[in-house]
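[1] the following block contains a protein sequence and its predicted model.
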Amino acid sequence: MNRILRVTMATIALIAFSVMIGQAEDRKGPSWHRRQVRDKIGGVPEEILKLQSLEKVQPPSIDAAVVTALKAADEAARGLIDMNFHKGKRITVPDDFKTIQSGIDAAKAGDIVIVKPGTYFELIEMKDGVKLVSDSTKGGDELVAVEDARMKLPRRTMRTIIDGSKSNTSHHGMIDFNPGVGRKTIVDGFTIQNLPMQDHHIPGHAHAVNVRGASPVIMNCYVLKNGSTGIGTHVVFSDQKSRMSGRDFRWENVRHRAEGVTYRNIIRESVGLGIGCNHFSAPHILGNEVLLNTDVELGHEPSPGMGAKHGAAPTIVGNIVHDNPGGGILSKVGDPQGAHNINRPTHPIVMKNVVYKNGNAAAAISCNGAGSREMPVRFIHNFIYDAGSVGIGLSNGAVCIVEENIVSGTADPGIVVKAATALKLNRNKVTGTMAPGFVFVDGATVVEMIGNAADGNQGPRFMLRGSTIAGHEG
């Protein structure tokens, strides 16, 4: 992904030249003159430059951004999680049933299965309307620190463990859900760890939390050191059990949707993505922390902390994504599959997330070929810090709306549009990059561009090469 998003060698040479000229002007004249020289080198028409902002960019601290993000996640979660539905029978494990699964099997919709502290070597299958929750007695709801994480989790999460280390590799995750279950199915407050190792690039793999054709609520969990993607979501098609080569992956063939809520979890050290969304899934991913997930040992390009492909349309709000070597949040098309391929674009909403220090293999937030004019990808008011590559990257025919993002301290340009379309590129702020603030190359199209600020970067504020902004070519 990184080689797709990086500017061409010719553009890099122009950047180096513009930096040299800018340094020379630093010695000759005031800042307005330096900006004039750099803007001329950048190639963006004057009438477009007049619509941009000259403000000095001052990004908030990461701590302040995290507060904003988690508040947005909490607001987004309101109305999605029903905390009053479960008024039925209370089943306690191991008092009433020795295993978690036997407790779930005995429960009906509206019942609560309460699990006491301990380690349970099971693979769980949830059914509709049942709440599975860790025991909150003896200070269980007290929030405690988690290693390397900014978020805290309830004490009950850390002391109630579902462990897969005694299981064999199979298509079963640590927790599965019966197809068709809805948001009144809740998993609340468990450490979920040690799913056996498998290659998540191969069809038929399991995720640690395996959400296929289901819309549950997963909250307050610590998804730790699993041998595949941490939390993975897919729809279920009507021909789900048919041979891959003959499958129909079109929207019209969806039998069970996947529109659940993943809220306030920490997902760490997965051999795959932290959170992955495939095949038309549209979950609400709210206020999670995703860190230290990598699959480099599988021999592929490293996967990002979060990803969406194959027509997925998740709502990703208020998450903290950091220290994932394969990049932060990625949306892409996905390889063709079956006799009839996906017929809707991948088009997530990515809003008010904090993304930092995710290596140099890909952009902090990127869109590779996803979106359409009718269903664009939306990157709105995200906070990006210290990316080893591009801050926000659009490439390969992507169609996106990019507004009100703050990008600070990237190794490459802050925002790049390369052979892609930005329907709106408004009120974004870029500072402290080792390259120009904004770069438009290789046939990029920007339909609307207003109020963007680029301050304290190396080279021009905006660089236009072989692309079009609001009808102006450069």
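    Sure, I can see it.
[2] let me see the contact set for the residue nearest to Lys225 when sequence neighbours are not counted.
    In this structure, Lys225 finds its nearest non-sequential neighbour in Glu269, 4.7 Å apart by C-beta to C-beta, 6 or more residues apart in numbering. From N, CA and C alone the C-beta is placed, and that goes for glycine too. Glu269 is in contact with Leu224, Lys225, Asn226, Leu292, Asn293, counting by C-beta atoms under 8 Å, 6 or more residues apart in numbering.
[3] report the two of those residues separated the most.
    Asn226 and Leu292 (12.2 Å; C-beta to C-beta).
[4] more neighbours: which of these two?
    When neighbours are counted by other C-beta atoms under 10 Å, Asn226 and Leu292 differ, and Asn226 comes out ahead with 29 against 19.
[5] where does the stretch 1-150 of the chain dip in pLDDT?
    Judged by pLDDT under 70, the stretch 1-150 of the chain has its weakly predicted residues at 1-33.
[6] now do the helices in it.
    Taking DSSP state H, counting those that start in this stretch, the helices of the stretch 1-150 of the chain run over residues 2-5, 9-26, 31-42, 46-49, 62-77, 100-106.
[7] what does the fifth one rub up against?
    Which is helix 62-77. Here helix 62-77 makes contact (C-beta under 8 Å, 6+ apart) with 59-60, 150-151, 261, 263-264, 284, 286-287, 315, 317-320, 351-354, 356, 383, 385.
[8] give me the buried subset of those.
    In terms of neighbour count (16 or more other C-beta atoms under 10 Å), the buried residues within the contacts of helix 62-77 are 59, 150-151, 261, 263-264, 284, 286-287, 315, 317-320, 351-354, 356, 383, 385.
[9] confirm that Leu464 sits in a helix.
    No: read with DSSP: H, G, I helix; E, B strand; the rest coil, Leu464 is strand and lies in no helix.
[10] pLDDT wise, what is the residue nearest to Lys225 at?
    Glu269 is assigned a predicted lDDT (pLDDT) of 97.
[11] the strand or helix carrying Val223 pairs with which strands, and in what direction?
    Here Val223 sits within strand 222-224, counting by DSSP states H and E. For strand 222-224, the pairing partners within the sheet under DSSP bridges are strand 191-193 (parallel), strand 266-268 (parallel).
[12] those strands: which one's closest to Gly437?
    Taking C-beta to C-beta, strand 266-268 is the member of the strands paired with strand 222-224 nearest to Gly437, at 31.8 Å.
[13] in the stretch 151-300 of the chain, where is pLDDT below threshold?
    Of all residues in the stretch 151-300 of the chain, none has pLDDT under 70.
[14] ranges for the helices of it?
    Using DSSP H, counting those that start in this stretch, the helices of the stretch 151-300 of the chain run over 155-159.
[15] next up, the contacts around the nearest residue to Ala109 once chain neighbours are set aside.
    What sits nearest to Ala109 in space, not counting adjacent residues and going by C-beta to C-beta, 6+ apart, is Gly129, at 2.7 Å. For Gly129, the residues meeting the contact criterion (C-beta under 8 Å, 6+ apart) are Phe85, Lys108, Ala109, Gly110, Asp111, Val181, Gly182, Lys184, Thr185.
[16] let me see the domain layout of this structure.
    The chain is divided into the following domains under automatic domain parsing: 1-79+363-474, 81-320.
[17] any chance of these in a markdown table, plus distance to Gly328?
    Output for the domains of the chain, formatted as a markdown table (distance: least, C-beta to C-beta, whole Å):
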| stretch | distance to Gly328 |
| --- | --- |
| domain 1-79+363-474 | 4 |
| domain 81-320 | 5 |
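[18] closest to Ile342 out of the ones you listed?
    In terms of C-beta to C-beta, the element of these nearest to Ile342 is domain 81-320, at 4.4 Å.
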